[in-house]
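> test case, fold it:
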Amino acid sequence: MNLHRTHLVVVITITSLLLAAEVSHAGDAIDFEPAENLIKLPEGLVLGPCSAVDFDSKGQMYLFHRGKQPILCFDRNGKFIRSWGDNLIGKAHGLRVDRLDHIWVTDIGNHMVFKFSPQGKLLLALGQSGKPGTDNDQFNQPTDVAFGPQGEIYVADGYGNSRVMKFAANGRFLNKWGQPGKGRGEFDLPHSIVIDAKGRVLVGDRENDCVQIFDTEGKLLEVWPGFAPYGMEFDAKGTLFVADGRANKVLQLNSSGKVINSWGRKGAGPGEFNLPHMLAADSDGNLYIAEIGGRRFQKLKRKK
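Below is the predicted model:
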């Protein structure tokens, strides 16, 4: 009996140590260094303000900018592949790639959310083009999208309506929550949105300088204050990074929403930022930051 009890204690102790090591690792500060971007732009193209960037499962990169050929696709070596959106996009804002490699963008010029194939074929359009509003089939300058485990679509309906809208994978309206304000559960420009490993909806409430965390139906769970979350991104290991456009920094947050590392300051040099807007992590854990003011995007290479 004593031997059994001793064995049980040993097993529990080892398990506890392993879990503690995992938690500690998840909260470890990561370091990066500026690295050269090797993309080759199409001849004659000049980047406008860069608003968003993301990667598909093949390592192809999609860059969204406010200029001609607004959606640009490059292979993993930086070679230009294709572009589209000239006759459709009013003003570029957010871009995300879902787990099936569909490309989703938010258009704050036309108040629309679009879903494309990797080849640029339009698959789904949400909203009423050129008609902002508060109905369930309307947006007012939507800023970002996130995806639930069943393909649900969460839209940060940001500048005009300050709310979150939830749709089924086929675009059918399901739910909405939030209203303009400074209180808990209210928004002053929900500018970015992501879903964490627990299925919680993290909303970057830009002008309230916080991240508000909800369950999938809009129940408020937590509030993380202290920074302006213009963009948010989880890397493959679940580490959360934030582009703080007001401070001109990139932040690393731990699982409690505390800043444990940061990079950058305002400037035009490598590792400096001029309004970092949204960001993405590639499969190697490197970060790519789209800059509105700098009209560029930068790569931060993860140190091993």
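
> these two touch, right, Gly148 and Glu217?
No. At 11.1 Å, Gly148 does not count as touching Glu217 under the criterion of CB atoms under 8 Å. For glycine as for every other residue, the C-beta is placed from the backbone atoms N, C-alpha and C.

> more crowded one of those two?
It is Gly148, of Gly148 and Glu217, that has more neighbours when counted by other CB atoms under 10 Å, with 17 against 10.

> quick one, helices of the stretch 1-150 of the chain?
2-26 (DSSP state H, counting those that start in this stretch).

> what are the ranges of the strands in it?
For the stretch 1-150 of the chain, the strands defined by DSSP state E, counting those that start in this stretch cover 32-35, 50-55, 61-65, 71-74, 80-84, 92-97, 103-107, 112-116, 122-126, 144-147.

> would you turn these into TSV with distance to Glu291, mean pLDDT and mean neighbour count?
Shown next, in TSV, are those (distance: least, CB to CB, whole Å; pLDDT from 0 to 100; neighbours: other CB atoms under 10 Å):
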stretch	distance to Glu291	mean pLDDT	mean neighbour count
strand 32-35	13	96	16
strand 50-55	6	98	26
strand 61-65	10	98	25
strand 71-74	15	98	22
strand 80-84	19	98	16
strand 92-97	13	98	26
strand 103-107	18	98	26
strand 112-116	23	98	22
strand 122-126	27	98	15
strand 144-147	17	98	24
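
> mind checking which of the ones you listed is nearest Arg172?
Counting by CB to CB, Arg172 lies closest to strand 122-126 out of the strands of the stretch 1-150 of the chain; the figure is 10.2 Å.

> just want the angle from the closest one to strand 112-116.
Per axes from the mean of the first three to the mean of the last three CA atoms, to 10 degrees, the angle that strand 122-126 makes with strand 112-116 is 160 degrees.

> centre of the chain to strand 122-126, how far?
When distances are taken as CA atoms, centre = their mean, to the nearest Å, strand 122-126 is centred 20 Å away from the chain's centroid.

> and it, what does it pack onto?
The contact analysis (3 or more CB pairs under 8 Å, 6 or more residues apart in numbering; DSSP states H and E) places strand 122-126 against strand 112-116.
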